[in-house]
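Engineer: Structure of the sequence below:
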Amino acid sequence: MKAALDGLEARKAELTELLATAPQDMPDLLPSISAVYARKVEQLAAALNCPEDRQAAAQALRGLIEKIVLTPGVRRGEMEATLYGKLGTILNWTDRQPSNKNTPGAGLAGVF
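Structural biologist: Next comes the predicted model:
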């Protein structure tokens, strides 16, 4: 019994090490995801500016956001916002992509 338990403990340690060194899963993405995202942002902006569609667009946007956490920044008066939810995941992914100056709002201050 002791030998079996030692074997299981060794296997557990081996699996723990494998999990720690395994690369994070990357979601399968469409090659044209940036174009799809840009089109959706344009549609959302248009809907938010249209009085007839504003409420539905705002509700859809709220459905993408689970929560927003505000924390003090490094310097006095700075505030950092962390966005959680589907929209946060999309924005986090786009931040890690190579910079493309042709995307809507690229380089503009105040853009999500």
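Engineer: Can you find the helix or strand of this protein with the lowest average pLDDT?
Structural biologist: Taking mean pLDDT, DSSP states H and E as the measure, helix 86-96 is the helix or strand of the chain with the lowest mean score, a mean of 65.
Engineer: Show me the helices in this structure, by range?
Structural biologist: Secondary structure of the chain (DSSP state H): helices at 2-21, 33-49, 54-64, 86-96.
Engineer: Of these, give the one that comes closest to residue 70.
Structural biologist: Across the helices of the chain, residue 70 has its closest neighbour in helix 86-96 (13.5 Å, Cβ to Cβ). Where you see a C-beta, it was placed from the backbone N, CA and C, and this is true even at glycine.
Engineer: what residues go with each domain of the chain?
Structural biologist: The record's domain parsing of the chain by automatic domain parsing lists 32-64, 65-97.
Engineer: Now tabulate the helices of the chain in TSV and tack on mean neighbour count and distance to residue 77.
Structural biologist: Shown next, in TSV, are the helices of the chain (neighbours: other Cβ atoms under 10 Å; distance: least, Cβ to Cβ, whole Å):
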stretch	mean neighbour count	distance to residue 77
helix 2-21	9	39
helix 33-49	14	29
helix 54-64	12	28
helix 86-96	13	23
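Engineer: a markdown table for those helices, including distance to residue 79?
Structural biologist: As requested, these are arranged in a markdown table below (distance: least, Cβ to Cβ, whole Å):
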| stretch | distance to residue 79 |
| --- | --- |
| helix 2-21 | 34 |
| helix 33-49 | 23 |
| helix 54-64 | 21 |
| helix 86-96 | 16 |
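Engineer: Which among these is found nearest to residue 75?
Structural biologist: Closest approach to residue 75 among the helices of the chain (Cβ to Cβ): helix 86-96, 21.1 Å.
Engineer: tell me the contacts of residue 3?
Structural biologist: Under the criterion of Cβ atoms under 8 Å, 6 or more residues apart in numbering, residue 3 has no neighbours.
Engineer: ditto for residue 53
Structural biologist: For residue 53, the contact set (Cβ under 8 Å, 6+ apart) comprises 46-47.
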